[in-house]
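Trainee: requesting a structural model of the entry that follows:
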Amino acid sequence: MHRQRPYASLSGFTLIELMIAVAIVSILAAVAVPQYTAYVTRGRIPDATNALATRAVQAEQYFQDFRTYANTTNANNPGCASDTSGKHFDFSCSAASATGFVIQAVGKNSMAGFTYTINQAGSKTSTVPTGWTGSTTCWVIKKDGSC
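Mentor: Residues are numbered from 1 along each chain as shown. Okay, here's the model as predicted:
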């Protein structure tokens, strides 16, 4: 009589196969997580640049009406509005005079280290965290310093 082993028909994974699968997943995660983090960061930068562009246009419209960028007794410059807090950036008008303004977006939380500015002449600057390449002539949107 032929005896059959009770588990002969079951197939499964050996420990080495599982370890190889875990190693492959770990390698993929080591590449994917930093790329995803950079992707999310790049996706948050337009929050600052779009708002700065909008505020610059508002400041220019204000200048057309009042011939000054500074607040007047009749109105406040909307480009330098006091309700300037966003989800990832805080906005401020660090200098508003009769002839000029500087509006900036300062990153907070996960965007800390990023600062974008624009002035009345349309000059844009970027200060970025370590590991990024900054620019004094444009708004950096990628880690390599691309504008």
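
Trainee: please name the nearest non-neighbouring residue to I141.
Mentor: With sequence-adjacent residues excluded and distances taken as C-beta to C-beta, 6 or more residues apart in numbering, I141 is closest to I45, at 5.2 Å. All C-beta spots, glycine's among them, are computed from the backbone N, C-alpha and C.

Trainee: same question, G131
Mentor: Leaving aside its sequence neighbours, G131 sits nearest to K143 (C-beta to C-beta, 6+ apart; 6.8 Å).

Trainee: count of residues packed around that neighbour?
Mentor: By other C-beta atoms under 10 Å, the residues close to K143 number 14.

Trainee: am I right that it is in contact with P129?
Mentor: No. Here K143 does not reach P129: they are 9.9 Å apart, not a contact under C-beta atoms under 8 Å.

Trainee: if you rank every helix and strand of the protein by mean pLDDT, what lands last?
Mentor: Using mean pLDDT, DSSP states H and E, strand 89-96 stands out as the lowest-scoring helix or strand of the chain, at a mean of 84.
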